[in-house]
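Asker: output the structure for:
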Amino acid sequence: MARSIFDIMNDLQQKQEPFAVATVVDTYGSVSAKTSSKAIIDAQGRVVTGWIGGGCAESSTCEKAMECIETNQTAMMEIDLDDEMLGAGMPCGGGMKVYVEPVLPEPTIWVMGHGKVAEVICAMGDILSYRVIVNDLGATWDKFPAAKHIITDDLDYSQLTPKPNDYVIIATQHKGDHESIKQALSCDAGYIALIASRKRARLVLDYLREEHVSEDEISRVVAPSGLDLGPQTPEEIALCILSEITLLRRGGTGIRNRDKLLVEDAGGAVATIYQAHKLAAGE
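Answerer: Below you'll find the model as predicted:
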């Protein structure tokens, strides 16, 4: 039985593989594709399934699809198939408009720990469309019903394998936090947060130094972590952490929107978090 294009899209999403959907939204003149024709294109620019026309249009669309996947931006492209010099190939006597939409894997949050803060981070992370993996010996499905995966047999933390766009949150309540951070640093995780008191955080960072971890690597550990929202409850602590993740992911400023508007109305410029980091580093 032939599988639908939507079945294949679902398979790719389950495998956490990026792809783009190209849809013909308009045609004119003599073209082989019809309006609503679709194709799935992978990150290497290969058509996985579907069809949006022959070689005249396919190569241009695949090239644009790779660009869209790289930048995570949609694109509306017009392909002229009737121009020998500027068209997409041999003159076909028409043209088409193609909408290209990238579909990227959900970013993953790795939660190390099983306490109340960890439970709330998992629940809130799921609401925010993150793929949450909980790695802790004491984690159970009744406490983490929103998790995509629970790991309970990782004594040496070898199953903690975050990708560059993943987020790691250490909420182990001092149990194995230094070992799990060391494992996270051995990967390319873009964000590693330690939820701990200032005293405990200093002890963990000193442990890393004793293990000859470089200062550049240690600086990747966010401790204390989260935005300063004055939290007093586990729910509020979780909100602080996820707010910081959102700030970094979206390139926000971290200031109140009303204050931002006042600065902009006065003709000033508000730095994003990335610009602020550069200023602080003297770049």
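Asker: show me where the stretch 151-283 of the chain has strands.
Answerer: Counting by DSSP state E, counting those that start in this stretch, the stretch 151-283 of the chain has strands at residues 167-170, 191-194, 221-222.
Asker: other SSEs contacting the first one?
Answerer: Right, strand 167-170. Using 3 or more Cβ pairs under 8 Å, 6 or more residues apart in numbering; DSSP states H and E, the elements in contact with strand 167-170 are strand 108-112, helix 177-185, strand 191-194. For glycine as for every other residue, the C-beta is placed from the backbone atoms N, C-alpha and C.
Asker: including mean pLDDT, distance to D80 and mean neighbour count, could these go into JSON lines?
Answerer: Putting the helices and strands packed on strand 167-170 into JSON lines (pLDDT from 0 to 100; distance: least, Cβ to Cβ, whole Å; neighbours: other Cβ atoms under 10 Å) gives the following:
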{"stretch": "strand 108-112", "mean pLDDT": "94", "distance to D80": "41", "mean neighbour count": "26"}
{"stretch": "helix 177-185", "mean pLDDT": "84", "distance to D80": "50", "mean neighbour count": "22"}
{"stretch": "strand 191-194", "mean pLDDT": "91", "distance to D80": "44", "mean neighbour count": "24"}
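Asker: adding distance to A123, write the strands of the stretch 151-283 of the chain out as JSON lines.
Answerer: Converted to JSON lines, the strands of the stretch 151-283 of the chain look like this (distance: least, Cβ to Cβ, whole Å):
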{"stretch": "strand 167-170", "distance to A123": "13"}
{"stretch": "strand 191-194", "distance to A123": "17"}
{"stretch": "strand 221-222", "distance to A123": "21"}
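Asker: nearest to Y157, of the ones you listed?
Answerer: strand 167-170 (10.4 Å; Cβ to Cβ).
Asker: run through who's touching that closest one.
Answerer: 107-113, 118, 121, 130, 160, 162, 177, 180-181, 184, 189-196, 225, 241, 245 (Cβ atoms under 8 Å, 6 or more residues apart in numbering).
Asker: mind listing the helices for the stretch 101-250 of the chain?
Answerer: Taking DSSP state H, counting those that start in this stretch as the criterion, the stretch 101-250 of the chain contains helices spanning 116-127, 177-185, 198-210, 215-218, 234-250.
Asker: any weak-confidence spans in the stretch 51-200 of the chain?
Answerer: Scanning the stretch 51-200 of the chain for pLDDT under 70 picks out 82-93.
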